[in-house]
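**Student:** what would the 3D arrangement of this be:
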Amino acid sequence: MITLGVVVWLAGWLLNVWLAARATTGWRRLLPALVFGATVLALWEIAVRAFAISPVLLPAPSAIWARLVASGPVLRADVMQTVVKGALSGYAIGCGAAILTGILADRVPFLRRGLLPVGTFASALPIVGLAPIMVMWFGFDWQSKAAVVVFMVFFPMLVNTVQGLASADPMQRDLMRTYAAGYWQTLWKLRLPAAAPFLFNGLKICTTLALIGAIVAEFFGSPTLGMGFRISTEVGRLALDMVWAEIAVAALVGSAFYGAVALVERWVTFWHPSQRR
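**Tutor:** Now for the predicted structure:
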C-alpha cells in the first residue's frame, strides 16, 4: 500500500507539472487543481487502508462518498435550511445594506469617520459570543442565522464600498465637474464603475463569511435540520462519515457560491486590467 501511495504521488506530481505548463487558458486552467485534488483523495484512501485508521478518527473518502449517496435527501434539506434560508438571505440583506450605507457614508463625511472605527471593533467580536444572542433575539429558526450572517458580512462590505468609492481618479472627478455633473450623476457614471472591483472583492470575501456564519450559528440552537446542527449532532454520535459528508457539501456549495460571484465580476468588470488575460 505504501508503494502504491508513492507511485500515485509521483504520477500526480508529474501530471500536474505537465498540465501546469500547458493548461493556461479557459477551462483548462482548472485541470491542475482537479488533478491535485484527485491525488490528495487517492493518497487519503491509501493511507487510511495502509495504516488501518479507525473510521472514528478519519473515514476513508470511499466511506464519505457512500454516506453522501445514502444521505442525499437529508443533505439537501440541510443545504436548503443553512445555505438558502440562512446564508443567502443574510448575505443579500447584509451586503445590500452595506453598499447603501457606504454610499451614504461617502456622502456624509462625519458618518464615514464614525462608522469605520466601529466596523473595525465589530469585526473583532467573536461569532461564538454573537450567535447565542441572536438566537435569543430571533428564535431558533433560520432568521437568527441570517442575522448572524448580516452582522458578519456588513462591515467588510462597507469598508470595501467606502474604499471603492474613494478610488476614482481626481482628474476624472474634476472632468465631471467641468461637465456640470451633480453628485448622483458622478456616482452613477464614474464612481460606482471605478468602485466595481472593490465591491466584487467584498462580495467574494462575504461568500465564505456568510456560509461560515450560518453553519457556526446553528451550533447554538436550530431546528432538527441544518448543516451546523447535523455536524454537532453526528460528532456526538461518532458518525464521522456523516460529518465529513456535510463538510464536503459545504465546501462544494461555498466554492460554487464564490465561483458564481467571480463569474459575474468577470462579466461586469471585463474592462478592468485584472480581467484581461
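
**Student:** only C-alpha atoms for contact and neighbour calcs from this point on.
**Tutor:** Will do.

**Student:** can you point out the buried residues in stretch 204-213?
**Tutor:** Lys204, Cys206, Thr207, Thr208, Leu209, Ala210, Leu211, Ile212, Gly213 (16 or more other CA atoms under 10 Å).

**Student:** please apply the same query to stretch 74-91.
**Tutor:** 74-75, 78-91.

**Student:** likewise stretch 233-247?
**Tutor:** Buried-residue list, stretch 233-247, by 16+ other CA under 10 Å: Thr233, Ala239, Leu240, Asp241, Met242, Val243, Trp244, Ala245, Glu246.

**Student:** next up, phi/psi of the first one, please.
**Tutor:** Same thing as Thr233. phi -70, psi -50 (degrees, to the nearest 10).

**Student:** so which of the buried residues of stretch 233-247 sits lowest on pLDDT?
**Tutor:** pLDDT across the buried residues of stretch 233-247 is lowest for Ala239, at 82.

**Student:** I'd say that one and Val56 touch.
**Tutor:** Yes: with contact defined as CA atoms under 8 Å, Ala239 reaches Val56; the gap is 7.1 Å.

**Student:** give me the low-pLDDT residue ranges for the protein?
**Tutor:** The chain contains residues with pLDDT under 70 at 1-2, 4-10, 12-14, 16-28, 172-176, 179-181, 271-277.

**Student:** quick check, central residue of it?
**Tutor:** With distances taken as CA atoms, centre = their mean, the residue of the chain nearest its centroid is Thr208 (1.9 Å).

**Student:** thought it was touching Ala256?
**Tutor:** No: using CA under 8 Å, Thr208 is not in contact with Ala256, being 10.7 Å away.

**Student:** go through the buried residues of stretch 233-247 and flag which are in helices.
**Tutor:** If you go by DSSP state H, the buried residues of stretch 233-247 have Thr233, Leu240, Asp241, Met242, Val243, Trp244, Ala245, Glu246 in helices.

**Student:** which element is the nearest residue to the third one once chain neighbours are set aside on?
**Tutor:** With CA to CA, 6 or more residues apart in numbering as the measure, Ile64 is the residue that lies nearest to Asp241, at 5.1 Å, once sequence neighbours are left out. With elements taken from DSSP states H and E, the one containing Ile64 is helix 61-70.

**Student:** tell me the helices and strands packed up against that helix.
**Tutor:** Packing partners of helix 61-70 (3 or more CA pairs under 8 Å, 6 or more residues apart in numbering; DSSP states H and E): helix 31-50, helix 240-268.

**Student:** list the contacts for Met162?
**Tutor:** Not quite, residue 162 is Val, not Met. By CA atoms under 8 Å, 6 or more residues apart in numbering, the contact set of Val162 is Gly102, Ile103, Ala105, Asp106.
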